[in-house]
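got a predicted structure here, sequence first:
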Amino acid sequence: MKLAAGRIGRILALGGLALALAQGPARAETLADALIAAYRNSNLLEQNRAVLRAADEDVAGAVAALRPVVNFIAQSTYTEPSIGDNLSASLSLSASMTLYDFGRSRLAIDIAKESVLATREALAGVEQGVLLGAVSAYLDVRSAVENVAINRNSVRVIGEELRAAQDRFSVGEVTRTDVALAEARLAAARAGLSAAEGQLAAAREAYRAATGNYPGTLAPPPAPPALPSTLNAARSIAQTTHPSIKQAQREVTVAELQVAAAAAERGPTLTGTASVAVDEDGDDQSSIGLRLTQPIYTGGSLSSVHRKAIAGRDASRSALLQAGVNVAQEVGNAWAQIAVARAQIQAVDEQVRAATVAYEGVKEEAALGSRTTLDVLDAEQELLDAKASRIDAEASYQVAIYSLLSAMGLLTVDHLKLGIATYDPSAYYEAVKTAPLTSVEGERLDRVLRAIGRE
């Protein structure tokens, strides 16, 4: 027996509704979801990971400088006719290798390795910035959503006040002025709603820029991470863990090595050469030799390079000291912001409570004729302002907490325990640090490139 099309449609609709109810409401996005999305989708992180891989290759280049250089040479020379032949040719395979350079090549390797470690710290700093941006974007969207809801409710309440004023005007209880006041306040509330909706749209765009996706329904932020009990404790942690300080320390080491390398440029270099060659007659022209060179006079350029390296070392030491000052200041600022936000929340909570009582009281008094429409509207606006201040204070408190973690160098995927696989900054380095030539090492490098999606 065939069912009518309308009955089939109703059955399918009921079935879809039952399935939706069984699945339950969509899960709200959490702050952890936003942080994970930011970490996975950040172009800035990808850019700096590539910068790190380039620094890794500097180590490979420095290592390769210690190895022989082999060249294939085919040469033909033509000269003006005189006595004998005027055309000669040769075929050779030559090799040269630096045998001893008084430590310059080893210093170059050490400089490259320290530069890699400094670049890793710079990458950690970028990670902190990306995650803090995601936190701010998440809280901005939540604040904007709540502000839209408050303003929308304000429009509804003032609309009811306007209708009440119009009813009272129709029976002669209030004047036309009361109605006009309500109309003006309703227009202002609608303008405030439009502004709040615009702020929400902007916050959504910022969230997409920070995480790679537009936000859905956002869950309330979780309980804040544990923080040190004192400002001095926070600063002590920051001085040992903040990536900008650790990066500056590595850069000081690099600068000191560069001073040593500049001084070593005055030393001699011993190079070994070997060549297997034949001329056009098939005669063997092979040779082997040693060459020792040392600069005697360079016009003052080597002294200038040495002085420049010393100045760079002094600058890097000052930069390290200033990095410590900047981090201590960031920790102090974030600590103060947390204290201010806590005090604001307590004060605003009291303000909201009092404004709610005042608003309810003014409405009752207005119903009894002892308050005007303007009094009611003013009380409603004060309550609206108090609720908006509460939203802003809570968002400021959350941002300040994560700003403190960032200032301490702890705003990382690992410290936050987000439970995702993270980028291994040493994997590419381990694959290229020996300047791989063999197929075994090459295959290992291929696996690393596939793992990071950049083959």
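Now that the structure is in, tell me what you want to look at.

any idea where the helices of the chain begin and end?
5-23, 31-41, 43-64, 104-170, 176-211, 231-241, 243-264, 301-367, 373-407, 413-416, 427-432, 439-451 (DSSP state H).

middle-most residue in this protein, spatially?
V130 (2.4 Å; C-alpha atoms, centre = their mean).

pretty sure it sits against Y39.
Yes: under the criterion of C-beta atoms under 8 Å, V130 makes contact with Y39 at 6.7 Å. Bear in mind the C-beta positions are built from the backbone N, C-alpha and C, glycine included.

overlap in contacts of these two?
Contact with both V130 and Y39 is made by residues L45, according to C-beta atoms under 8 Å, 6 or more residues apart in numbering.

which one, of the helices of the chain, ends up nearest to G272?
Closest approach to G272 among the helices of the chain is made by helix 104-170 (14.1 Å; C-beta to C-beta).

and the angle from that closest one to helix 243-264?
150 degrees (axes from the mean of the first three to the mean of the last three C-alpha atoms, to 10 degrees).

just the pLDDT for H242.
H242 is assigned 96 on the pLDDT scale.

the nearest residue to it once chain neighbours are set aside: how many residues sit nearby?
Once flanking residues are discounted, H242 sits nearest to G409: 3.6 Å by C-beta to C-beta, 6 or more residues apart in numbering. Counted with other C-beta atoms under 10 Å, the neighbours of G409 add up to 24.

quick check: G409 touching Q239?
No: applying C-beta under 8 Å as the test, G409 and Q239 come out as separate, 9.2 Å apart.

between the two, what contacts are shared?
I245, V327.

chain center to stretch 106-118, what's the gap?
Chain-centre distance of stretch 106-118: 25 Å, with C-alpha atoms, centre = their mean, to the nearest Å.

list the buried ones in the top strand by length along the chain?
Ranked by number of residues, the top strand in the chain under DSSP state E is strand 87-100. For strand 87-100, the neighbour count (16 or more other C-beta atoms under 10 Å) marks S90, L91, S92, S94, S96, T98 as buried.

which residues sit in contact with A234?
Counting by C-beta under 8 Å, 6+ apart, A234 touches L227, P228, V331, W335, L404, A407, M408.

and E121, by the same measure?
P243, S244, K246, Q247, R250.

could you check how far the second one is from V327?
In this view, S244 and V327 are 6 Å apart by C-beta to C-beta, to the nearest Å.

what do you get for the third one?
Distance from K246 to V327, counting by C-beta to C-beta: 10 Å.

between the two, what contacts are shared?
With C-beta under 8 Å, 6+ apart as the test, K246 and V327 both reach G409.

pLDDT wise, what is the closest residue in space to L99 that isn't next to it in sequence at?
Spatial nearest neighbour of L99, excluding adjacent residues (C-beta to C-beta, 6+ apart): L270 at 4.6 Å. At L270, the pLDDT value in this model is 89.

so L270 makes contact with T98?
Yes: proximity of L270 to T98 meets the contact threshold set by C-beta under 8 Å, at 7.4 Å.

can you tell me how far the residue nearest to T356 when sequence neighbours are not counted sits from D178?
Nearest non-adjacent residue to T356, counting by C-beta to C-beta, 6+ apart: L383, 6.0 Å away. Counting by C-beta to C-beta, the gap between L383 and D178 amounts to 20 Å.

with V331 instead?
Counting by C-beta to C-beta - V331 and D178 are separated by 55 Å.

the more surrounded of these two?
V331 (27 against 22).

just give the nearest non-adjacent residue to that one, would you?
Leaving aside its chain neighbours, V331 sits nearest to A407 (4.5 Å; criterion: C-beta to C-beta, 6+ apart).

same thing with A37?
Leaving aside its chain neighbours, A37 sits nearest to T211 (4.0 Å; criterion: C-beta to C-beta, 6+ apart).

please apply the same query to K363.
Counting by C-beta to C-beta, 6+ apart, the residue nearest K363 is V376, at 5.8 Å.

so who does that neighbour touch?
V376 neighbours (C-beta under 8 Å, 6+ apart): E161, Y359, V362, K363, A366.

the second one contacts E382, correct?
Yes: counting by C-beta under 8 Å, Y359 touches E382, with 7.4 Å between them.

A34 and A187: what is the separation?
In this view, A34 and A187 are 36 Å apart by C-beta to C-beta.

of the two, give the one with the bigger neighbour count.
Taking other C-beta under 10 Å, A34 and A187 do not tie; A34 has more neighbours (24 against 12).

and the more buried one, what is it in contact with?
Going by C-beta under 8 Å, 6+ apart, A34 touches A134, V135, A137, Y138, Y207, A210, T211, P215, L218.

try it again with 7 Å
A134, Y138, T211 (C-beta atoms under 7 Å, 6 or more residues apart in numbering).

out of the residues you listed, which is nearest to L123?
A134 (16.8 Å).

what's around that closest one, how many residues?
For A134, using other C-beta under 10 Å, the count is 26.

what is the neighbour count of V399?
V399: 20 neighbours (other C-beta under 10 Å).
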